[in-house]
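Engineer: coordinates only, sequence not included:
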């Protein structure tokens, strides 16, 4: 070795240089003079001497790790979430929110996707529906639950004796308010559906029930602010005179979409699409009783278990009852807290 000592040398070179310095200082040389002759910076010599005393003269492996990298156990938790909730959530975005929703792991959707890909796992996924253009709402209407209801019907062909199913979904909270299975798609089915929905949401007061029971009951005064807006397409049962009278008595304003434009009622179309895609067995049931019970079970699952992308990956029940904002904020706080914990853990851990 000649000239200045390179920036990186191995253990053997360090031991040789330190040995020369030891013999020189034992012969009366100063450390500084020995370092000048050897072309070694004096501070490096001091560090090497301290590391030799500690038995750590070998250099650590070059490089490092991301200070915000996943902690041990977080990858396993993501895989466990996939095993339990993969068939329900079906996307890495929902699975990431499911982890924070259950208080088990706080990671980003991209992290979930990367960890699952590293384990050779893949979520089923669903094609994303196109975003529908929304029509302006009346001035008196507020953007809150139980102000905008969207309703429509669909068919379950295997159940020939009662294949028509109607449903109402809350546009704001995405809650599936009510469902009704019927043999005939008429105004009677519409009235039964809305009576059931009003009752479940606490709007069916004794006074309103008495008005509905009286076929000659007049509608409320025209100056009264409507209770809510009912969005629908231009089906005959929607525009029927009996339906219009029922809505007027209930103080519900009707809003009709453009003819042959399903995106005008994208909320209810999305509901039916998810229900039929995620629960394909519904279209194989032939008994009306079985189909009715399964629809109610699926409705409870949709409202209280399934995380909804359009409302920030909380359940419709959470959003409908006002808990959605707190859950979304708790996730943001959890992500920040988990990031801080990872950084602290990596800073305090020696590189291996």
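Structural biologist: Here it is on my side, so go on. Only a predicted model underlies this, so the values are computations on that prediction, with no experimental measurement involved.

Engineer: Please count neighbours and contacts with C-alpha atoms only from this point.
Structural biologist: OK.

Engineer: any idea how far residue 296 is from residue 303?
Structural biologist: Relative to residue 296, residue 303 is positioned 11 Å away (Cα to Cα, to the nearest Å).

Engineer: Those two: which has the busier surroundings?
Structural biologist: residue 303 (22 against 14; other Cα atoms under 10 Å).

Engineer: which residue ranges form the strands in the stretch 201-350 of the chain?
Structural biologist: Listed in chain order, the strands of the stretch 201-350 of the chain (DSSP state E, counting those that start in this stretch) span 228-232, 252-256.

Engineer: Nearest residue to the middle of the chain?
Structural biologist: residue 313 (2.9 Å; Cα atoms, centre = their mean).

Engineer: the domain parsing of the protein - what is it?
Structural biologist: Using automatic domain parsing, the domains assigned to the chain come out as 11-53, 74-125+322-347, 148-320.

Engineer: what's the average pLDDT for the second one?
Structural biologist: Same thing as domain 74-125+322-347. For domain 74-125+322-347, mean pLDDT rounds to 94.

Engineer: any chance of the domains of the chain in TSV, plus distance to residue 140?
Structural biologist: TSV is the format used below for the domains of the chain (distance: least, Cα to Cα, whole Å):
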stretch	distance to residue 140
domain 11-53	76
domain 74-125+322-347	21
domain 148-320	8
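
Engineer: Could you point out which of those sits nearest residue 139?
Structural biologist: domain 148-320 (10.6 Å; Cα to Cα).

Engineer: And that closest one, end to end?
Structural biologist: 12 Å.

Engineer: State the three-state secondary structure for residue 149.
Structural biologist: Three-state assignment for residue 149 (DSSP: H, G, I helix; E, B strand; the rest coil): strand.

Engineer: So for it, what's the pLDDT?
Structural biologist: 96.

Engineer: and if you look at residue 131?
Structural biologist: Here the pLDDT value assigned to residue 131 is 57.

Engineer: Kindly report the same for residue 221.
Structural biologist: At residue 221, pLDDT is 66.

Engineer: Also residue 190?
Structural biologist: On the pLDDT scale, residue 190 gets 92.

Engineer: from what I can see it touches residue 244, true?
Structural biologist: No: with contact defined as Cα atoms under 8 Å, residue 190 does not reach residue 244; the gap is 10.3 Å.

Engineer: Looking at those two, which one has more neighbours?
Structural biologist: residue 190 (25 against 18).

Engineer: contacting residues around that one?
Structural biologist: Listed by Cα atoms under 8 Å, 6 or more residues apart in numbering, the contact partners of residue 190 are 166, 237-238, 243.

Engineer: can you redo those residues as CSV with neighbour count?
Structural biologist: Converted to CSV, those look like this (neighbours: other Cα atoms under 10 Å):
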residue, neighbour count
166, 22
237, 19
238, 23
243, 21
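
Engineer: Check which helices and strands the lengthiest helix in the chain is in contact with.
Structural biologist: With secondary structure taken from DSSP state H, the chain has its longest helix at helix 324-347. Judged by 3 or more Cα pairs under 8 Å, 6 or more residues apart in numbering; DSSP states H and E, the packing partners of helix 324-347 are helix 92-101.

Engineer: tilt between the helix it packs on and helix 324-347?
Structural biologist: Put simply, helix 92-101 runs at 90 degrees to helix 324-347, going by axes from the mean of the first three to the mean of the last three Cα atoms, to 10 degrees.

Engineer: continuing past helix 92-101, what's the next helix or strand?
Structural biologist: Sequence order places helix 109-118 as the next helix or strand after helix 92-101, per DSSP states H and E.

Engineer: got the contact list for that next one?
Structural biologist: If you take Cα under 8 Å, 6+ apart as the criterion, helix 109-118 is touched by 75, 78-79, 92-97, 122.

Engineer: next one: it to chain centre, how far?
Structural biologist: Here helix 109-118 is found 15 Å from its chain centre; the criterion is Cα atoms, centre = their mean, to the nearest Å.

Engineer: Now do the contacts for residue 169.
Structural biologist: 149-151, 175-178, 267-268, 271.

Engineer: could you redo the residues you listed as TSV and give each row distance to residue 18?
Structural biologist: Output for those, formatted as TSV (distance: Cα to Cα, whole Å):
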residue	distance to residue 18
149	82
150	83
151	85
175	75
176	78
177	81
178	83
267	77
268	79
271	76
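
Engineer: what about the residue lying closest to residue 90 once chain neighbours are set aside, neighbour count?
Structural biologist: Counting by Cα to Cα, 6 or more residues apart in numbering, residue 125 is the residue found nearest to residue 90 once chain neighbours are left out, at 4.7 Å. By the criterion of other Cα under 10 Å, residue 125 has 13 neighbours.

Engineer: Relative to residue 298, how far out is residue 125?
Structural biologist: With Cα to Cα as the criterion, residue 125 and residue 298 are 19 Å apart.

Engineer: ok, now residue 195?
Structural biologist: Per Cα to Cα, residue 195 is found 20 Å from residue 298.
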